[in-house]
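Asks: whatever this is, show me its structure:
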Amino acid sequence: MDITIYLEEAAQVSVAFIIGAVIGLEREFRSKPAGFRTMIFICVGSCLYTILSKESNNVSPDRIASNIVTGIGFIGAGVIFKEGISVNGLTTAALIWITAALGMAIGYHNYPLAFVVGSMVVVALFVLEPVQRFINRLHKVKDYKVRTGDTSDAFKKDLEDFFAAHDINYRCMKMVKENNDAIYLYRIGAPKHDYDMVNDYFLKHKNIKSFDV
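Replies: Residues are numbered from 1 along each chain as shown. Purely as a prediction, here's the structure:
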């Protein structure tokens, strides 16, 4: 029995543990659904399955790899959820996917590629986040889903007169009738991103039953 093989495999899963922990720390810090331990399990598990697939004489390694990707897809889908008219969890789902890929790269002894891609992920998570916030401040718009019992054209005109009077950029994306209510979907860009003014107007409007952002 060559113990060096087992030491090498132990080193592989240890590297996978460290990479998963670094990525998981960022998700845990932001209180995301897939956090510290989850990312460790994903990276180590992908690495372990890859090691076992190379040692198996009965199963094609590419079949194991494809099944890892399929299984990770189910986990990623579980962290994506819809809140109002917004979709959250896409970044975490993408991180789950790439963390599994990093584990597979380590399992195939491709340490340089795992290090380069892992570094890119860390940079994107920690360094580029302020850049993203800056871009969002420059181009931020919000989608509002407004529900009302007033199905007349006067209601729509009332909303758009308010937008025009306060220099609010708007576009009516969709209008539907649901039961006896009318639902309007507006994409709004408020001056200086002052959406409190819009929210306050919607809250106080007597004909608006509810609105989602």
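
Asks: what about the closest residue in space to residue 77 that isn't next to it in sequence, helix or strand, and which?
Replies: Once flanking residues are discounted, residue 77 sits nearest to residue 93: 7.0 Å by Cβ to Cβ, 6 or more residues apart in numbering. For glycine as for every other residue, the C-beta is placed from the backbone atoms N, C-alpha and C. If you go by DSSP states H and E, residue 93 is part of helix 90-107.

Asks: and that helix, which residues are buried?
Replies: Buried positions in helix 90-107, judged by neighbour count with 16 or more other Cβ atoms under 10 Å: 91-93, 95-96, 98-107.

Asks: who touches the residue nearest to residue 77 in this structure?
Replies: When contacts are counted by Cβ atoms under 8 Å, 6 or more residues apart in numbering, residue 93 touches 76, 77, 79, 80.

Asks: gap between it and residue 15?
Replies: Separation of residue 93 from residue 15 (Cβ to Cβ, to the nearest Å): 24 Å.

Asks: one more: residue 151?
Replies: For residue 151 relative to residue 15 (Cβ to Cβ), the value is 62 Å.

Asks: and the two? which has more neighbours close in?
Replies: The neighbour comparison of residue 151 against residue 15 (other Cβ atoms under 10 Å) goes to residue 15, with 22 against 13.

Asks: wait, doesn't the more buried one sit right on residue 118?
Replies: No: the pair residue 15 / residue 118 is not scored as a contact, 9.5 Å apart, by Cβ atoms under 8 Å.

Asks: now the element after the longest helix along the chain, going C-ward?
Replies: If you go by DSSP state H, the chain has its longest helix at helix 3-29. Next along the chain after helix 3-29, taking DSSP H and E as the criterion, comes helix 36-55.

Asks: packing partners of that next one?
Replies: Contacts defined by 3 or more Cβ pairs under 8 Å, 6 or more residues apart in numbering; DSSP states H and E place helix 36-55 against helix 3-29, helix 61-78, helix 90-107.

Asks: not counting its own residues, what contacts it?
Replies: So helix 36-55 is contacted by 9, 12-13, 15-17, 19-21, 23-25, 27-28, 34, 59, 61, 63-65, 68, 72, 75, 95-96, 99-104, 106-108 (Cβ under 8 Å, 6+ apart).

Asks: how does this protein divide into domains?
Replies: As given by automatic domain parsing, the domain ranges for the chain are 3-135, 141-212.

Asks: what about the last one, average pLDDT?
Replies: Mean pLDDT, domain 141-212: 87.

Asks: pull up the gap between the residue nearest the centre of the chain and residue 187, please.
Replies: By Cα atoms, centre = their mean, the chain has its centre lying nearest to residue 90, at 2.0 Å. Distance of residue 90 to residue 187, computed by Cβ to Cβ: 19 Å.

Asks: ok, now residue 64?
Replies: From residue 64 to residue 187 the distance is 45 Å (Cβ to Cβ).

Asks: and the two? which has more neighbours close in?
Replies: The residue with more neighbours, out of residue 64 and residue 187, is residue 64; 18 against 14, by other Cβ under 10 Å.

Asks: show me the contacts for that one.
Replies: Counted by Cβ under 8 Å, 6+ apart, residue 64 has contacts 49, 50, 52, 53, 56.

Asks: do the same with residue 202
Replies: For residue 202, the contacting residues are 144, 146, 208, 211, by Cβ under 8 Å, 6+ apart.
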